[in-house]
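In: kindly generate the corresponding structure for this input.
(2 chains)
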Amino acid sequence: MFYRETGQFKTSYAADQQIFPIRQDRIGVGLVLLLAFLVVPLTADEYWFAAILTPFLIFALAALGLNILTGYAGQLSLGSAAFMAIGAYAAYNFQLRVEGIPILASFACAGLTAAMVGILFGLPSLRIKGFYLAVATLAAQFFIVWCLTKFPWLSNNSSSGVISAQKIVIFGYVFDGERDKYLLVLSIVTLLALAAKNMVRSNTGRCWMAVRDMDVAAEVIGIPLLRTKLLAFAVSSFYCGVAGALYAFCYLGSVEPDGFSLDMSFKILFMIIIGGVGSILGSFLGAAFILLLPIFLDNTLPPLAHLLHLPFDNAAVSHIQMMVFGTLIMFFLVVEPHGLARLWQIAKEKLRLWPFPH
Amino acid sequence: MQFFFEVLIGGLLSGVMYSLVALGFVLIYKASGVLNFAQGAMVYFAALSLVGFMGLGAPMWLAVILAFATMVVFGTLTERLVLRKMVNQAPIALFMATIGLAFFIEGLAPLIWGNQPRALDIGLVDEPIEAILTAANMVISKFDLAAAGLAALLVTGLALFFQYTRVGRALRAVADDHQAALSIGIPLQHIWVLVWAVAGFVALVAGMLWGARGGVQFALTFTALKALPVLILGGFTSIPGAIVGGLIIGASEKLAEIYIPPVLQSLFGGNFGGIEGWFPYILALLFLLVRPEGLFGERHIDRV
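Out: Below you'll find the predicted structure:
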């Protein structure tokens, strides 16, 4: 009843081709953006900005990057955290070594640097696929983190590669409050997410999906495999790189290479599995789910154990957390391989006919 | 030169330990086409169960049997609850499911048995062999040699099993084509339970050896990360490949760790240790560019 597209006639090509062709979607996205840009900054407190909202947006961006590569182009990568690390270190170095570079430009350059490294590590994807490629991306993960730790130039000779992000100044305005940083991250993520949404429905995105579904067939119908795959690697790494730069500059402030570990890569992978492989919305849902779950468990497990008179300590919480993560991954892959995004889609289909389904 | 040989032999012997873990991967991949990322976690779980049962007062042989039984139960449950429901899904989805499985085990094992590192004594000592030390002045560990012998035994046994027994043939048939195997009457589910049990056994052996060497602790799960480059080098489907790959990786990684950092240091300054972490991967990656299916892997022909 509320979600019905009947009667919405398109009278121009522009209207037919817009990103959100259904009016309810446009209103919904508008409301969400309004909420995120106006209501949240006015109501949320420091803790929410610093500990939940900003990291959520940053990880959603990284998940979006991985989703472009894995969900749309079908190339599984286990090295997304390493590309975030490149972004963080590149942004730091651009700020440090290029005189007077605007911070947004250095974020963009960080993304481009990550994209170039991404292309380099994407090259093997032309010869190898599937598991072999997944293992090959582990090479990127280990090698990049090692390089960042061992080459002192990259971290300006700081001990064990720790860098402290510079101040964020745009047009003379200093972004140092948590709310300012949140708004900055939100703007960047919104722009990039809309770009991604647009990209995946264009020729580029359709090529990616064709390659994902069957690369030999895609090649036969004339899609250049080399360009398509490398473009997916580049775009994905760009997103991860920008996410990494934001992670260092807007979230943690100071980072070390070991922070971008394999575990973080897995976490990002879990986000897209749970959120929905091959869905932009899914990246956001998955990021929210994976970030909120530990907080939820931290708050519910101790009282629960207390209630049942079980012995309890912090180590057990982290173990149970891992088990819950593992179980959820298997559960989603078995029951709903398209993740939370698919559930949302089903809900929309139900809403279309509600309350009179017949 | 003598130092070179010492490093080389040490590397080869530790490579055998990698092959042992890689073997578990190959077994499951051969029989079900699943790259089981949880193999490292299984190594940890098996070793921890063994130590746990010994801690409860069971003698060694009983603890081994109990730990093996645990792995069999565990493998059966995995097959029943996860894999059976994912038949016909993309291999990469199955792979991601095993990542989930790895997380599950890594949480479960310390929850049951506690997460303190524990020592495991299997009656082998890690000391140099006197005869070689005096004759050639090289340090070759008794422990490494025994481990290598055990691994060789296991591999030969498994290779013979796969090649010459009825069950082995059935396993290979299943790996080739699930549906065709089913249609000629091979019980798919039994085969899978069996292969998970065998993989559990291999994990137990690997866990015993690794655990006796460095203590039973969480770091055992990282053995999987050591075994992956071995696998891509040797090919996912080949048991001899796992061994040869292990030897190549073990030797080259130790040699690289000794000889590459000084070169880098003279070029850039600073400390460049810890090459071991990524060197096998880059090596395997370069190798893949030349032979995408690994040393002994089956060449795959794509059809539309």
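
In: look up how far chain B lies from A:Leu252.
Out: 23 Å (C-beta to the nearest C-beta, to the nearest Å). Bear in mind the C-beta positions are built from the backbone N, C-alpha and C, glycine included.

In: residues in contact with that residue?
Out: A:Ala165, A:Gly259 (C-beta atoms under 8 Å, 6 or more residues apart in numbering or on different chains).

In: over to A:Ile101?
Out: So A:Ile101 contacts A:Phe94, A:Gln95, A:Cys109 (C-beta under 8 Å, 6+ apart).

In: pretty sure the second one sits against A:Ile168.
Out: I take that to be A:Gln95. No. Assessed by C-beta atoms under 8 Å, A:Gln95 is found out of contact with A:Ile168, at 9.4 Å.

In: any idea which element B:Ile28 lies in?
Out: Assigned by DSSP states H and E, B:Ile28 falls within helix B:2-32.

In: just the CA atoms of stretch A:246-265, as PDB, please.
Out: C-alpha atoms of stretch A:246-265 as PDB (Å, rounded to 0.1, in the frame of the first residue of the first chain):
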ATOM      1  CA  LEU A 246      39.300   8.600   7.300                       C
ATOM      2  CA  TYR A 247      40.000   5.900   9.800                       C
ATOM      3  CA  ALA A 248      43.300   7.500  10.700                       C
ATOM      4  CA  PHE A 249      42.300  11.200  10.400                       C
ATOM      5  CA  CYS A 250      38.700  11.200  11.700                       C
ATOM      6  CA  TYR A 251      38.400   8.200  13.900                       C
ATOM      7  CA  LEU A 252      41.600   7.000  15.700                       C
ATOM      8  CA  GLY A 253      44.000   9.900  15.200                       C
ATOM      9  CA  SER A 254      47.000   7.700  15.400                       C
ATOM     10  CA  VAL A 255      47.400   4.300  13.800                       C
ATOM     11  CA  GLU A 256      50.000   1.600  13.400                       C
ATOM     12  CA  PRO A 257      50.400  -0.900  10.600                       C
ATOM     13  CA  ASP A 258      49.600  -3.900  12.800                       C
ATOM     14  CA  GLY A 259      46.200  -2.300  13.500                       C
ATOM     15  CA  PHE A 260      45.200  -3.100   9.900                       C
ATOM     16  CA  SER A 261      45.500  -6.800  10.500                       C
ATOM     17  CA  LEU A 262      44.000  -9.800   8.800                       C
ATOM     18  CA  ASP A 263      41.300  -9.800  11.400                       C
ATOM     19  CA  MET A 264      40.200  -6.400  10.200                       C
ATOM     20  CA  SER A 265      40.000  -7.800   6.600                       C
END
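
In: that stretch: which residues count as buried?
Out: A:246-252, A:255-257, A:259-262, A:264-265 (16 or more other C-beta atoms under 10 Å in any protein chain shown).

In: which residues touch the closest residue to B:Gly277 other than its chain neighbours?
Out: Once flanking residues are discounted, B:Gly277 sits nearest to A:Phe142: 5.0 Å by C-beta to C-beta, 6 or more residues apart in numbering or on different chains. For A:Phe142, the contact set (C-beta under 8 Å, 6+ apart) comprises A:Ala82, A:Leu262, B:Gly277, B:Trp278, B:Tyr281.

In: wasn't A:Phe142 part of a helix?
Out: Yes. Membership of A:Phe142 in a helix is supported by DSSP: H, G, I helix; E, B strand; the rest coil.

In: okay, it: pLDDT?
Out: We note a pLDDT of 92 for A:Phe142 in this prediction.

In: hmm, back to that, mind listing the shared neighbours of A:Gln95 and A:Ile168?
Out: A:Ile103.

In: and these two? Which one has more around it.
Out: A:Gln95 (22 against 19; other C-beta atoms under 10 Å in any protein chain shown).
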